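> Compute the structure for the input listed below.
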Amino acid sequence: MGYNIFHMTNKGEFMAVKSLYIVSQEAASGTLIVTMGMMELLRPHVGRVAFFRPIVESENDPDTAFILEHFGIDMPLHGTYGLLLDEAETLLAQNNAHALMERLITAFAELKKSYDFILCEGLASHRFPLGTSGDINLEIAKNLGVSIISVHSAKDKNAKSIAEEYTLESSAILAKGCSHFAAFINRGAPDTCPMIKERTTRPETPVFCLPETPELDAPTMGEVLTALRGELILGGEADLARVAKQTKVAAMQVGHFLERLEDGDLIITPWDRDDIILATLEANRSGDYPTLAGLVITGNTAPEAAIRKLISGMDPIPVIVVATDTYETAKAIDRVPARLHTKAKRKIALARGLFRQHADAEALIQRLALETPGIMTPVMFEHTLFERARSNRKRIVLPESDDERILRAAEILVRRDVADLVLLGNPEEVVRRASALGLDLSGIPIIDPKRSEKRDAYAAKLYEMRRHKGMKEEDARELVQDVSYFGTLMVASGDADGMVSGAAHTTQETVRPALQVIKTQPGISIVSSVFLMCMETEVLVFGDCAVNLDPTAEELAQIAVSSAQTATQFGVTPRVAMLSYSTGSSGQGADVEKVKEATRIAKELAPEIPIEGPIQYDAAVDADVAAKKLPGSHVAGQATVFIFPDLNTGNNTYKAVQRSSGAVAIGPVLQGLNAPVNDLSRGCLVDDIVNTVAITAIQAGV
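Modelled structure (predicted):
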């Protein structure tokens, strides 16, 4: 693996380092957020990254489970830690620290044989036995030869005390002979973060301050459900991601209860308070009250059948029935820990966005002196998408605000700071719906096409563009109220940079307005699509697998050129294979002749792009087969862009590759338009929408 990672010594010299050790002196300092952020920075630049905790409290360590699953790290569990805490305590009690370090060094050395970088996370120092001499994490770091990232909690502390703690810690790190790579001071009050940075920043050690974010310190309803061992009688998996910011026991009259509601409330009430149960659900649905986290009904008795029938038709809010009484339930909820886990996507998005907003990613990467490896995994590619979208922010319009998936994706996109968004729809209804779903869409403009001040101007623009096709002014005024046309006109008028639709509309409903208003690029007469196929170590481009049923030779050539341009936009060097059941001159038939002619035209349209055809798939991807069937070809055996002769072949092939190889298929990505409009599948997932918005933002910035 060709990369070098360096850190500065006290003398300003650079030393090679292939590992980092994240440590904290205290609990609840936000260490896992820093670990996640650093792992996200490392993955695109390093081939194989291992996660290692020298000492863990148990084999089922939650931080390890989260990092391995979230980042798809393929490691045996026994290789992720060196010692269990009770083993370490026994060795320390026996005054045998030497044996402890030997075991850790042995485990660490094993990882070095198989991985290019090792990201370590220490157990908080307060977890070790009282009387342990010095900071054991620093002793471990010294013996493993790793550079340290220290994590500090600023919660309920002023800037002066934090600066003193940081100075003492940094001095201890250097005195131990370790390198202090960086420091993260988390959970600071927003107004004290600038003072903290001013008091702590040193040229040799960058310091980053992440402000307190209460939602990250609060349990989700899913965690409450698990901890209380309750029964979920209303709501689904997505609703369990709601965060319980505070708990309220409801035992008063309804009017007084409603006056005291706050955003993120988890309401606890006995089973016989039907009035409170109904008031809670109605308040959540109304949109005039704060967004609630959920409702816990105590006493091991669910509402009566008539009440359950009534509430079943309401907007979902988690309603949990527990066996304990109200007092015991409230105490149990106070003890529920707030953790990051892979199902908590809203929290993950918030944590990732927090890290990226307040940690200088470029400075950290430069400090590590990372070179991009010659491979591209799906995780690397997704990271690249988001980084490129962030670096050149664009405004993307989402016209389908009546779809729950769109609203959930919008919240994630804002939290991850990917792009500026605009939602189309009735603002009051969108806010009410978002509130009922427990989502925070504050800061996203919501435009109603029927009431927009731009409606008449857009209608006039549409009429001017389409009157030669027989469109009447009243038709234009009617069409502009359609969200697909309004969103497309926003893009055409420069009020948005791109549009993503299709979760609730057909491809035709998305593409037709784009063809009429945005139109195709010069020299391109056809809108086509590609899927970005994220294989295990590379990204391939498949087109057209979603739009054109049976393109002519001329259209196929244009699809090839457009696909090569799209590949370049996303960092894939285009080597285009025009696929057929025949390679070179080995076969005959109308279908082969179409591909031959398409290849000839494509080479004329883009002589600078390596294009080969007709060629079979095996000859396009396998160097040994290519050497036999097309020796000397610049494409055969190393193709990156695959052009299928028709939709039947393309659609079936991309799905077969996706399912049989485990590839991640991102798309369809529309191409050939003057501005990006992308079409979602009506069966799309929230993650698909998030990725498509990032792709659209990148297209808009090219």
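> Quick check: what element follows the host helix or strand of Asp591 along the chain?
Applying DSSP states H and E as the criterion places Asp591 in helix 590-605. With elements assigned by DSSP H and E, the helix or strand that comes after helix 590-605 is strand 611-615.
> the helices in the stretch 51-200 of the chain, which residues?
62-70, 85-93, 97-114, 136-144, 159-175, 193-200 (DSSP state H, counting those that start in this stretch).
> The fourth one packs against which elements?
Secondary-structure packing of helix 136-144 (3 or more C-beta pairs under 8 Å, 6 or more residues apart in numbering; DSSP states H and E): strand 19-24, strand 49-56, helix 97-114, strand 147-153, helix 159-175. For glycine as for every other residue, the C-beta is placed from the backbone atoms N, C-alpha and C.
> Just put those in JSON lines and tack on mean neighbour count, distance to Ile320 and mean pLDDT.
Supplementary listing: those in JSON lines, determined by neighbours: other C-beta atoms under 10 Å; distance: least, C-beta to C-beta, whole Å; pLDDT from 0 to 100:
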{"stretch": "strand 19-24", "mean neighbour count": "24", "distance to Ile320": "33", "mean pLDDT": "92"}
{"stretch": "strand 49-56", "mean neighbour count": "22", "distance to Ile320": "31", "mean pLDDT": "94"}
{"stretch": "helix 97-114", "mean neighbour count": "15", "distance to Ile320": "42", "mean pLDDT": "89"}
{"stretch": "strand 147-153", "mean neighbour count": "26", "distance to Ile320": "31", "mean pLDDT": "91"}
{"stretch": "helix 159-175", "mean neighbour count": "17", "distance to Ile320": "39", "mean pLDDT": "86"}
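> mind putting the ones you listed in CSV, distance to Gln588 included?
Shown next, in CSV, are these (distance: least, C-beta to C-beta, whole Å):
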stretch, distance to Gln588
strand 19-24, 59
strand 49-56, 51
helix 97-114, 51
strand 147-153, 64
helix 159-175, 73
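> Any idea which of the ones you listed gets closest to Gly353?
strand 147-153 (18.4 Å; C-beta to C-beta).
> how far out from the middle of the chain is that closest one?
Relative to the mean C-alpha coordinate of its chain, strand 147-153 is positioned 25 Å out (C-alpha atoms, centre = their mean, to the nearest Å).
> Report all helices and strands that it contacts.
strand 19-24, helix 31-42, helix 136-144, helix 159-175, strand 180-188.
> Apart from its chain neighbours, what residue comes closest to the most far-flung residue of the chain relative to its centre?
Distance from the centre of the chain peaks at Gln588, with 47.2 Å (C-alpha atoms, centre = their mean). Nearest residue to Gln588 in three dimensions, chain neighbours excluded: Ser582, at 7.5 Å (C-beta to C-beta, 6 or more residues apart in numbering).
> quick one: contacts for that neighbour?
Taking C-beta atoms under 8 Å, 6 or more residues apart in numbering, we find Ser582 in contact with 588-589, 592, 614, 616.
> any chance of the helices and strands packed on strand 147-153 in JSON lines, plus distance to Asp86?
Shown next, in JSON lines, are those (distance: least, C-beta to C-beta, whole Å):
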{"stretch": "strand 19-24", "distance to Asp86": "20"}
{"stretch": "helix 31-42", "distance to Asp86": "21"}
{"stretch": "helix 136-144", "distance to Asp86": "15"}
{"stretch": "helix 159-175", "distance to Asp86": "26"}
{"stretch": "strand 180-188", "distance to Asp86": "29"}
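> so which of these gets nearest Ser401?
helix 31-42 (29.4 Å).
> re earlier: so the residue farthest from the centre of the chain sits in a strand?
No - counting by DSSP: H, G, I helix; E, B strand; the rest coil, Gln588 is not part of a strand but coil.
> Tell me the spacing between it and Lys603.
Going from Gln588 to Lys603 by C-beta to C-beta, to the nearest Å gives 21 Å.
> What of Val254?
The gap separating Val254 from Lys603 is 75 Å, by C-beta to C-beta.
> circling back to that earlier point, tabulate the helices of the stretch 51-200 of the chain (JSON lines), appending distance to Leu407.
Below are these laid out as JSON lines (distance: least, C-beta to C-beta, whole Å):
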{"stretch": "helix 62-70", "distance to Leu407": "23"}
{"stretch": "helix 85-93", "distance to Leu407": "43"}
{"stretch": "helix 97-114", "distance to Leu407": "42"}
{"stretch": "helix 136-144", "distance to Leu407": "43"}
{"stretch": "helix 159-175", "distance to Leu407": "38"}
{"stretch": "helix 193-200", "distance to Leu407": "31"}
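> Out of those helices, which is closest to Ser19?
helix 136-144 (7.2 Å).
> what angle separates the closest one from strand 49-56?
If you take axes from the mean of the first three to the mean of the last three C-alpha atoms, to 10 degrees, helix 136-144 sits at 130 degrees to strand 49-56.
> Ignoring the adjacent residues along the chain, who's closest to Glu169?
Ser150 (5.4 Å).
> neighbours of Gly584, just the number please.
Per other C-beta atoms under 10 Å, the neighbour tally for Gly584 reads 17.
> which ones are touching Met535?
By C-beta under 8 Å, 6+ apart, the contact set of Met535 is 378, 661, 663.
> Quick one: list the elements packing against the helix or strand hosting Val669.
Assigned by DSSP H and E, Val669 belongs to strand 664-671. On a contact count with 3+ C-beta pairs under 8 Å, 6+ apart, strand 664-671 meets helix 378-391, strand 528-534, helix 553-569, helix 647-661, strand 677-679, helix 686-701.
> Show me where the chain dips below the pLDDT cut-off.
1-17, 125-134, 197, 200-203, 302, 310-315, 370-375 (pLDDT under 70).
> The same query, at a cut-off of 80, please.
Scanning the chain with the threshold set as pLDDT under 80 gives 1-17, 44-47, 124-134, 189-204, 285-287, 301-316, 368-380, 383, 585-587, 702.
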